[in-house]
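Participant: Fold the following, please.
(4 chains)
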Number of protein chains: 2
Amino acid sequence: MSEISLDEHEGAARESAEAVRPSGTLHGELLVALRDFIVEGNLEDGARVPERALCERFNISRTPLREALKVLAAEGLIELLPNRGARVRELSPADLRELFDVMGGLEALAGRLACERITDAEFAEIERIHHEMYHFYLRRDMHGYFHCNQAIHQLIVAAAGNATLTATYAGLAGRIRRVRYSANLAKDRDRLGEAMREHEAILDALRRRAGSELSDILFVHLRNKLKAAQPPGASSDE
Amino acid sequence: MSEISLDEHEGAARESAEAVRPSGTLHGELLVALRDFIVEGNLEDGARVPERALCERFNISRTPLREALKVLAAEGLIELLPNRGARVRELSPADLRELFDVMGGLEALAGRLACERITDAEFAEIERIHHEMYHFYLRRDMHGYFHCNQAIHQLIVAAAGNATLTATYAGLAGRIRRVRYSANLAKDRDRLGEAMREHEAILDALRRRAGSELSDILFVHLRNKLKAAQPPGASSDE
DNA sequence: TGATTTTATTTTGCATTCATTTTTTATAAG
DNA sequence: CTTATAAAAAATGAATGCAAAATAAAATCA
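Facilitator: The predicted structure is shown next:
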C-alpha cells in the first residue's frame, strides 16, 4: 500500500534547528529523518504528505510524526492545510528569488564576520578547496566543481563562528535543496567561468579581510547564481 | 495551583513562521498565543514550561500544546530536554551577540533590497517617522523615541518586499524581545545622540538608493546598538 | 452515458490512556 | 541535624481512541 521508497536515513545527523536535537527522543530522531526524506525529494512537489504511510515506514505512531510535521511546516518545507493535511511546499519563481536573496544576505553577513575572525589555517583550507575547484573547472567536472563550490560557501559560513547564522542558513538551504537548480547551472558554461572569477574575487577579499567588500561580492554572487538558475524570462510574480 | 497570570492574548495575530497560520485549527491559534505568552515574559528565564498549567489555562489537551512547544523549540524560544520537559531558553551574552549580528545582517540585506524597490511614498513615510523620532529625541521622550526607532527598522524590512526575509527577521526579533535591553539603551545619552546621527546616515543612503552603503551602515548600526545594550566588559563567551 | 446526489471509507484533529522516567516527599541511618 | 535511601507523586513521551471533516465510491436520475 505504501508507495514510498525510504530506506532508513538514520545516520545523517544534520545539524538543523539549533534548539531541537533531542537525540534519544523519538520525535527528535524522526524530525531529522523526515526532513531529509522530504529534502531529498522522496515526495513530489505539492504532494500530500501521507501520515499513515510514513507512520508505517518509520514504525511510529501518529503523535510524534505530527509533531515533526508541525516543525517542518514552521521551517517552510511543507504547508499545513486545516483539515486537509500537509503538502510539500512548492517553490514559485518568486519564492526562489526570495530565498536566494536571503541566502545572499546571510552569506554576505558570513563573509563580513569571517573577515573578523577567520584564522590563517581556516583560510588556507578554503584556498585549498578553491584550487581544487579550479581544477574541476578546467576539466569540466561538474560534479566535483559543484561539490567544492558548496564546501567553500559552507566553510565561509562556518568561519563566521555564529551558530545562529549557521542554523538559519541551514534552514533556508534545505528549502532550496529540493530544487534541482544545479542542472541549470552546470549547463551554462559562460556562467561557470564567471562564477569562477567571482570566486577569485571572494578569495581575494577574504585574504585581505575586507569584510564590507566581501559582503558585497557574496551578495552579488548569489544574485548571479539565481539568474543562472532561473530561466531568463521567468516571471518574478511580483 | 497555577501561578500563571495569563489573560487571553487572543487577537494578537502576529505574522510569524510563514507557512504556519492555520487559523481555524487549535494548534495554530495556540502557537500564536503561546509564543506571545513567552515573548511577553510571562515565564521566567530558564523556567520550566508548565504543560499542565498551560493546558488548563488555554483549555486544551496536551497534544496540541506539545505540538506548539515543538515549533517554539525549533524557533529557538524554548529548549526541549529529553524526559525533562521544556524550559524557556536563556540568552547568554554570546547568544545575544549572535542574534544581533544576524539581525544586523538581515537589516543590511533589507536596506539593500529596499534601495532597489522602495517607492517615494514609502520613503516619505519613513522620513516622516524619522522626524517624529528626532522630536522625541530632543524632548528626551524615550518611549516615543524607541517606538519610532522600531517602526523605522520595521518599515525598512517591509520595504524590502521579501516575505521570507520578513518572517526570518520576525523570528529572531521575537527571541530578542524577551531581553529588556531597551532600558540599557535609553540610559546612555551619548549612545542616543550617536544613534540619531546614524539614523540620519541611514535616511541619507536610502534617499540616494545607495544599497551597498546602506547595507554597511545598518550592520554597523546594529553592532553599536548591541554594544550599548551589553555591559562594557560583558564576556562574549567565545 | 454523464452529471448529481447519497453513502461508505479514509483522513484529520484532538482527547485520553499508559508505560517510563523524573522529581518530590517521606523515612531511616549516621 | 544532616545526608542517604526508599516510596509516592507527578511529569513526560508516545500509542490509542473517537468525533468531525474530507475524500472516494456507489447509486440515482436526467
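Participant: For chain A, which helix extends over the most residues?
Facilitator: For chain A, the helix with the greatest residue count under DSSP state H is helix A:93-117.
Participant: Any part of that one near chain B?
Facilitator: Yes: using C-beta under 8 Å from any C-beta of the partner chain, helix A:93-117 comes into contact with chain B via A:95, A:98-99, A:101-102, A:104-106, A:108-110, A:112-113. Where C-beta positions appear, they are placed from N, C-alpha and C, glycine not excepted.
Participant: Other residues contacting stretch A:220-227?
Facilitator: A:96-97, A:100-101, A:103-104, A:107, A:185, A:191, A:194-195, A:198-199, A:202 (C-beta atoms under 8 Å, 6 or more residues apart in numbering or on different chains).
Participant: what sits against A:H143?
Facilitator: By C-beta under 8 Å, 6+ apart, the residues touching A:H143 are A:F136.
Participant: hmm, back to that, sort the contacts of stretch A:220-227 by pLDDT and name the bottom one.
Facilitator: Within those, pLDDT reaches its minimum at A:L185, with 58.
Participant: Just the CA trace of stretch A:105-124, in PDB.
Facilitator: Output in PDB follows, covering the C-alpha atoms of stretch A:105-124 (Å, rounded to 0.1, in the frame of the first residue of the first chain):
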ATOM      1  CA  GLY A 105      22.200  38.400   2.700                       C
ATOM      2  CA  LEU A 106      23.300  35.700   5.100                       C
ATOM      3  CA  GLU A 107      26.300  34.800   3.100                       C
ATOM      4  CA  ALA A 108      27.200  38.400   2.900                       C
ATOM      5  CA  LEU A 109      27.000  38.500   6.700                       C
ATOM      6  CA  ALA A 110      29.000  35.400   7.000                       C
ATOM      7  CA  GLY A 111      31.700  36.900   4.800                       C
ATOM      8  CA  ARG A 112      31.800  40.000   6.900                       C
ATOM      9  CA  LEU A 113      32.000  38.100  10.200                       C
ATOM     10  CA  ALA A 114      34.500  35.600   8.700                       C
ATOM     11  CA  CYS A 115      36.900  38.500   7.900                       C
ATOM     12  CA  GLU A 116      36.800  39.500  11.600                       C
ATOM     13  CA  ARG A 117      37.800  36.100  13.000                       C
ATOM     14  CA  ILE A 118      39.000  33.700  10.400                       C
ATOM     15  CA  THR A 119      42.300  32.100  11.100                       C
ATOM     16  CA  ASP A 120      45.100  31.600   8.600                       C
ATOM     17  CA  ALA A 121      44.600  27.900   8.800                       C
ATOM     18  CA  GLU A 122      40.900  28.200   8.000                       C
ATOM     19  CA  PHE A 123      41.600  30.500   5.100                       C
ATOM     20  CA  ALA A 124      44.200  28.100   3.800                       C
END
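Participant: now the longest helix of chain A against helix B:93-117, angle please.
Facilitator: Counting by axes from the mean of the first three to the mean of the last three C-alpha atoms, to 10 degrees, helix A:93-117 lies at 130 degrees to helix B:93-117.
Participant: what packs against helix A:93-117?
Facilitator: helix A:142-159, helix A:163-177, helix A:189-207, helix A:211-229, helix B:93-117, helix B:163-177, helix B:211-229 (3 or more C-beta pairs under 8 Å, 6 or more residues apart in numbering or on different chains; DSSP states H and E).
Participant: nearest residue to A:L34 other than its sequence neighbours?
Facilitator: Spatially, and ignoring its direct neighbours in sequence, A:L34 is nearest to A:A68 (5.0 Å; C-beta to C-beta, 6 or more residues apart in numbering or on different chains).
Participant: any idea how far A:D36 is from the one you found?
Facilitator: 12 Å (C-beta to C-beta, to the nearest Å).
Participant: Now for the residue lying closest to A:N162 once chain neighbours are set aside: which residues touch it?
Facilitator: Leaving aside its sequence neighbours, A:N162 sits nearest to B:E98 (C-beta to C-beta, 6+ apart; 4.9 Å). Contacts for B:E98 (C-beta under 8 Å, 6+ apart) come out as A:N162, A:A163, A:T164, A:L165.
Participant: so how many other residues sit close to the third one?
Facilitator: Think A:T164. For A:T164, the count of nearby residues is 21 (other C-beta atoms under 10 Å in any protein chain shown).
Participant: Next: A:E213.
Facilitator: Based on other C-beta under 10 Å, the number of other residues close to A:E213 is 20.
Participant: Same check on the one 10 residues further on?
Facilitator: Neighbours of A:R223 under the rule other C-beta under 10 Å: 14.
Participant: What residues of stretch A:122-133 count as buried?
Facilitator: By neighbour count on 16 or more other C-beta atoms under 10 Å in any protein chain shown, the buried set for stretch A:122-133 is A:E122, A:F123, A:E125, A:I126, A:I129, A:H130, A:E132, A:M133.
Participant: that older thread, filter the contacts of B:E98 down to just the buried residues.
Facilitator: A:N162, A:T164, A:L165.
Participant: quick revisit: how about the contacts of stretch A:220-227 in JSON lines, adding neighbour count and distance to A:L226?
Facilitator: As requested, the contacts of stretch A:220-227 are exported to JSON lines (neighbours: other C-beta atoms under 10 Å in any protein chain shown; distance: C-beta to C-beta, whole Å):
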{"residue": "A:L96", "neighbour count": "21", "distance to A:L226": "7"}
{"residue": "A:R97", "neighbour count": "22", "distance to A:L226": "6"}
{"residue": "A:F100", "neighbour count": "22", "distance to A:L226": "4"}
{"residue": "A:D101", "neighbour count": "23", "distance to A:L226": "8"}
{"residue": "A:M103", "neighbour count": "25", "distance to A:L226": "9"}
{"residue": "A:G104", "neighbour count": "23", "distance to A:L226": "8"}
{"residue": "A:E107", "neighbour count": "26", "distance to A:L226": "12"}
{"residue": "A:L185", "neighbour count": "18", "distance to A:L226": "10"}
{"residue": "A:R191", "neighbour count": "18", "distance to A:L226": "11"}
{"residue": "A:E194", "neighbour count": "14", "distance to A:L226": "13"}
{"residue": "A:A195", "neighbour count": "20", "distance to A:L226": "12"}
{"residue": "A:E198", "neighbour count": "18", "distance to A:L226": "13"}
{"residue": "A:H199", "neighbour count": "20", "distance to A:L226": "16"}
{"residue": "A:I202", "neighbour count": "22", "distance to A:L226": "17"}
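Participant: related to what we said a few turns ago, what angle do the longest helix of chain A and helix A:189-207 make?
Facilitator: 30 degrees.
Participant: going on from helix A:93-117, what's the next piece of helix or strand?
Facilitator: Next helix or strand after helix A:93-117 toward the C-terminus (DSSP states H and E): helix A:120-138.
Participant: tell me, what residue is most central in chain A?
Facilitator: A:A173 (2.1 Å; C-alpha atoms, centre = their mean).
Participant: What residues does that residue make contact with?
Facilitator: Counting by C-beta under 8 Å, 6+ apart, the residues that A:A173 touches are A:M103.
Participant: how much space between it and DNA strand D?
Facilitator: 26 Å (C-beta to the nearest atom of the strand, to the nearest Å).
Participant: Tell me if A:E79 really is in a strand.
Facilitator: Yes: assignment of A:E79 by DSSP: H, G, I helix; E, B strand; the rest coil places it within a strand.
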